[in-house]
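Sharing a model that was predicted from the sequence below.
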Amino acid sequence: MNSLIPLIEVKNVDVSYSGHCVLSGANVVVRRGEIVTLIGPNGAGKTTLVRVMLGLLRPTVGTVSRQPGLSIGYMPQRLSIDPALPITVKRFLQLGSPQGLRKDQCAEVLEEVGAGHVIAQPMQGISGGELQRVLLARALLREPDVLVLDEPVQGVDLTGQAELYRLIEGIREHRNVGVVMVSHDLHVVMAQTDHVICLNQHVCCAGHPSAVSVHPEFVALFGTDVASTLAVYAHKHDHEHTLDGHVEEGHVDGREHVHVHGESCHHG
Amino acid sequence: MGANMSMSMGRAVIMDEWGLGLNVDAFLVRALLAGCAVAIVAGPLGAFVVWRRMAYFGGALSHTALLGVALGFLLGVEPIAGVSFVVVAVALILGGLQRVRGLSLDTLLGVVAHAALALGLIVASTLEGVRIDLMGYLFGDILAVGWADVAWIWLSIAVILGALSFLWRDLLSATVHADLAQVEGVNVRRTDVIFMLLLACVVALAMQVVGILLVTSMLIIPASAVRSLSRTPEAMAVLAAGTGVISVCAGLWASYLFDIPAGPGIVAAASLLFVGGMLVKSRA
């Protein structure tokens, strides 16, 4: 496939549920070999945007284009299988690949993600970290062009989180896939991501991590303390978001500040 | 024909003190054939009902069956035709209702189930010149099934099992995680609708065996009884079918021997097996 054509492209997408707008003016481009990260507070529309990209949700306004024949490996935010369903990790992996796997393929991919030892265990009996690796393995078994990971380190301890992020980084390199990731871990996002999209019901700011981490909207969302550990400098902001994400003009401390909003940022 | 009347007939033909005589009456053979057929299909579908936590959905569907019976009499068609129509229609409506805001599906199911049961009882009471055997419909009248019923039940079972095996992989995938299945190319919406239709058909069939109020038990008790013995979804489905068949045989035998109603006898037998399954689990 042509690496210049985006794998997935989201253009000016709005999503409303019964008149209530949860996402507006979202633009995302996912290219092969790139990691795109979505950050933002709870309720910012991260998962909504992911669902739009996956084709699970039709946008109210705007377009989503996926490369023809695109294979997507999806890692959902949570998986809760009823304890009454007897299913082993191996069977769970096989369920995702209708077109017949090679005999040892499940075991190989599980080894690749560092969870080879759980292959015969019941899905409900493995730890949070193992579950995330198994989900990642299922996504990889589809030999994806793009991986869509909704909070891939959820329920994983700190050491495990770092390992998982290294793993994802390695997969991007070895398999040359595009990666879309929802994450809360700003340090990792800033260190490993090519493109960050900061959401709060609209795209607050987007770009290379070094640019985003000093963007006033980013600072306003995550606070000066967080921002200053991530960036060389941080500054105050000219508008605030209320709890429901509504934009309020005004100055926290009266200091003037002028910044340029992205074209998708409708409140500048 | 009421369940109790059937039962007294059953009592009359016992050949020896264990009720195991070879000269078994035809009505008992028909009951066994019908009951086993329903058990065979209720096992696998019941497993999905358990895995998908839809026990209350099955219950709600079966409660609407009485309305179908009453409408059948009202329109002068076979009660089972009325039941099939109403149950399938309600299944489709409930499938669509999953998106209603502000009320949980659980609550909606409760509303629909009891509204339909009440409406069914009202319609049944207003029918002129017809006395519907309520006990027979509520608690089953398996000893009254005829050869035509048996043939019809087996034919339906064959179709349902065929559809289920065709649907198996997609249904399992959607049960594990609907969004993941959808992204991986499963048509989840279509799969869910077909599953609900199959469930509606099994409810209509099981109603004839154990009655409206006990239909859910045919679905969930055998499946839950064998959970601890199963290592794969398929094993659980097959074992559930087997457990259902054993329950039907044991229940009918007990009904024959002790002059108890057949439907409740079957459910009681399944419940005993369920307790046995629990004991296996606590030992492991």
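Sure thing, it's come through.

Show me which positions of stretch A:59-68 end up buried.
If you call a residue buried by 16 or more other Cβ atoms under 10 Å in any protein chain shown, then stretch A:59-68 has these buried ones: A:59, A:60, A:62, A:64, A:66, A:67. Backbone N, C-alpha and C define where each C-beta goes, glycine included.

Next: stretch A:169-189.
Residues of stretch A:169-189 classed as buried under the neighbour-count rule (16+ other Cβ under 10 Å) are A:169, A:171-172, A:175, A:177-183, A:185-186, A:188-189.

mind listing the helices for chain B?
Listed in chain order, the helices found in chain B under DSSP state H are B:3-12, B:26-51, B:55-63, B:65-75, B:79-97, B:105-126, B:134-139, B:147-176, B:178-183, B:188-210, B:215-225, B:233-258, B:262-283.

Could you dump those helices into TSV with mean neighbour count, mean pLDDT and distance to chain A added?
Formatted as TSV, the entries for the helices of chain B read as follows, by neighbours: other Cβ atoms under 10 Å in any protein chain shown; pLDDT from 0 to 100; distance: least, Cβ to the nearest Cβ, whole Å:
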stretch	mean neighbour count	mean pLDDT	distance to chain A
helix B:3-12	16	40	32
helix B:26-51	24	94	4
helix B:55-63	24	87	11
helix B:65-75	23	88	26
helix B:79-97	19	84	16
helix B:105-126	16	87	16
helix B:134-139	20	84	27
helix B:147-176	17	94	5
helix B:178-183	20	93	4
helix B:188-210	23	90	10
helix B:215-225	28	94	7
helix B:233-258	22	95	6
helix B:262-283	18	87	11
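
Of those, which is nearest residue A:14?
Residue A:14 sits nearest to helix B:178-183 of all the helices of chain B, at 21.3 Å, using Cβ to Cβ.

And the closest one, how far out from the chain middle?
From the chain centre to the centre of helix B:178-183 is a distance of 29 Å (Cα atoms, centre = their mean, to the nearest Å).

for stretch B:162-175, same thing?
Using Cα atoms, centre = their mean, we find the averaged C-alpha position of stretch B:162-175 to lie 19 Å away from the chain's own average C-alpha position.

related to what we said a few turns ago, in strands only, show me the buried residues of stretch A:59-68.
A:62, A:64, A:66 (DSSP state E).

on that earlier part again, what is the nearest of the buried residues of stretch A:59-68 to chain B?
Comparing the buried residues of stretch A:59-68 against chain B with Cβ to the nearest Cβ places residue A:66 closest, at 11.4 Å.

Now do the phi/psi pair for the closest residue to the closest one other than its chain neighbours.
Nearest in space to residue A:66, with sequence neighbours left out and distances taken as Cβ to Cβ, 6 or more residues apart in numbering or on different chains, is residue A:8 at 5.3 Å. Main-chain dihedrals, residue A:8, degrees, to the nearest 10: phi -130, psi 140.

cool, and residue B:53?
Taking degrees, to the nearest 10 as the convention, residue B:53 sits at phi 50, psi 50.

Now do the same contact list for it.
With contacts defined as Cβ atoms under 8 Å, 6 or more residues apart in numbering or on different chains, residue B:53 is in contact with residue A:82.

okay, it: pLDDT?
Confidence at residue B:53, expressed as pLDDT, is 89.

repeat for residue A:200
pLDDT, residue A:200: 82.

for residue A:114, same thing?
89.

pretty sure residue A:9 is in a strand, no?
Yes: with DSSP: H, G, I helix; E, B strand; the rest coil as the criterion, residue A:9 is assigned to a strand.

Tell me, how many residues neighbour residue A:127?
Residue A:127 is surrounded by 14 other residues when neighbours are defined as other Cβ atoms under 10 Å in any protein chain shown.
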